[in-house]
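Asks: Build me a structure from this.
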Amino acid sequence: MRAWFEALERDLQSPIAVRRFGSGWFAGFFALVLAIAGLCLVMALRWPGWFSMPELAPVYAWSGLRALVHGLLISAYALALLSLLLRPRKAIGAAALVIALVATLLGGAQVQPSESQAWGIFFGLDFFAVNMIATGLMFAPIERLFPRHRDQRLFRAEWREDLFYYLVSSMMVQVITFLALTPSTFIMAQTGSFAQIRAAIASQPWLLQFLEVMLLTDLAQYWFHRAFHRVPFLWGFHAVHHSARSMDWLAGARMHFFEIILLRGVTSLPLLTFGFAPSVMQAYIAFVYVYSSMVHANLRGDFDRLGAVLVTPRFHHWHHAIEAEGVDKNFAIHFPILDRIFGTYHFPKGRWPTGYGVPEAVPKGYRAQFLYPFRRKG
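Replies: Just a heads-up that it's a prediction; the model follows:
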């Protein structure tokens, strides 16, 4: 089994020269993504008490969901077979074929819910599948078509760690949300006098509420982000995020578990305190997942004018720069005007950083990085 996984890893990390169109590599890659997404959705349909999010219940009521699952699995089969035909190395195509077969054996698109014990805890496999389809299938091809760093591979160094971070943040969404929103009960109890303000905000047009949410959360995240750079103990957590030496859509997922909890708590409090519509908050959460992937992505384009108004990849890449001129700059998540106001704006025209990362030796691997803030010295 270990040898098989090693063969799959070698095949995924093949040099660019042997990953050209027509080689079967891209067919195998997309077959693998679609097969994993299909398997996750089948498991969520079969064991909804364990692997599905209550918030996605409307999706399961959609009449076209099973047709979508069927389409995912059929596409995975077809692309896997194409990869097996075209590619001398069969690991990717075989892996996709096996995963699609497992999903089919579990019931495929016609799977029926199975009785499961109500533990009160679920793991968001469906949320992971939706995220992977929405971001992975969107940005992986775009990065190949418009790369900033042409020699950077899709499966670059440390991709396994970042994919695991992506999996944890998606599957543990219930635990993270519970811990992040625990303080909100106290805050809501202490802000009963805000009833009229909440009613006024909730009565506003939907789009206006969404723009206000972007501004409020950005203001909260700016100071949260800046604190994690300036306070030594907090920096130990945030250094994990900055330890990525390559920037792409997956690098944004590398974030310490405790920082995720605190960040979501900080951004949720303004929304809950001021009573924005639930649909606005849900739409913003979905928007942030995609936007975060975009600003970390390996995408070319200077966007000098747009970058002065909205955070773009080049603007945020300077925040991750290894150069001294980029250190403690560009803390805004959406609006660079906050960095202009508070003196942390850095966006040199037409220039990109020469490298990314941190000077300190952040260890590799999820477990070592989880413990790093508590073991770090200095």
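
Asks: Give me the neighbour count for the residue nearest to N131 when sequence neighbours are not counted.
Replies: Leaving aside its sequence neighbours, N131 sits nearest to S170 (C-beta to C-beta, 6 or more residues apart in numbering; 5.2 Å). Where C-beta positions appear, they are placed from N, C-alpha and C, glycine not excepted. Under the neighbour criterion other C-beta atoms under 10 Å, S170 is assigned a count of 23.

Asks: which SSE is S170 in?
Replies: Element membership for S170 (DSSP states H and E) is helix 159-171.

Asks: Pull that helix out as CSV, backbone CA atoms only.
Replies: Output in CSV follows, covering the C-alpha atoms of helix 159-171 (Å, rounded to 0.1, in the frame of the first residue of the first chain):
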residue,chain,number,x,y,z
TRP,A,159,1.5,20.4,-1.3
ARG,A,160,0.5,17.5,0.9
GLU,A,161,0.7,19.6,4.1
ASP,A,162,-1.4,22.3,2.5
LEU,A,163,-4.0,19.8,1.2
PHE,A,164,-4.3,18.4,4.7
TYR,A,165,-4.9,21.9,6.1
TYR,A,166,-7.6,22.3,3.4
LEU,A,167,-9.2,19.0,4.5
VAL,A,168,-9.0,19.9,8.2
SER,A,169,-10.5,23.3,7.8
SER,A,170,-13.4,21.9,5.7
MET,A,171,-14.2,18.7,7.7
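
Asks: what comes up buried for that helix?
Replies: 159, 161-163, 165-171 (16 or more other C-beta atoms under 10 Å).

Asks: With stretch 71-88 instead?
Replies: For stretch 71-88, using 16+ other C-beta under 10 Å, the buried residues are 72-77, 79-80, 82-84, 87.

Asks: Kindly report the same for stretch 220-229.
Replies: 220-222, 224-226, 228-229.

Asks: Mark which of those residues are part of strands, please.
Replies: The strands, defined by DSSP state E, take in nothing from the buried residues of stretch 220-229.

Asks: I'd like to know how many residues surround the nearest residue to G275 once chain neighbours are set aside.
Replies: Nearest non-adjacent residue to G275, counting by C-beta to C-beta, 6+ apart: R198, 2.8 Å away. Look at R198: counted by other C-beta under 10 Å, it has 16 neighbours.

Asks: name the element R198 belongs to?
Replies: Assigned by DSSP H and E, R198 falls in helix 195-202.

Asks: all helices for the stretch 201-350 of the chain, in order.
Replies: Ranges of helices in the stretch 201-350 of the chain, per DSSP state H, counting those that start in this stretch, are 206-230, 232-242, 257-274, 278-296, 313-319, 337-342.

Asks: Would you check that the residue nearest to G275 makes contact with A277?
Replies: No: applying C-beta atoms under 8 Å as the test, R198 and A277 come out as separate, 10.4 Å apart.

Asks: quick revisit: which of the buried residues of helix 159-171 lies closest to A91?
Replies: W159 (15.7 Å; C-beta to C-beta).

Asks: Now do the contacts for the residue lying closest to Y165 once chain neighbours are set aside.
Replies: Closest residue in space to Y165, ignoring its immediate chain neighbours: A253 at 4.4 Å, by C-beta to C-beta, 6+ apart. Going by C-beta atoms under 8 Å, 6 or more residues apart in numbering, A253 touches 162-163, 165-166, 169.

Asks: What separation do you get for the residue nearest to N131 and L125?
Replies: 8 Å (C-beta to C-beta, to the nearest Å).

Asks: Could you let me know which of the contacts of A253 ends up closest to L97?
Replies: Using C-beta to C-beta, the contacts of A253 come closest to L97 at L163, 20.4 Å.
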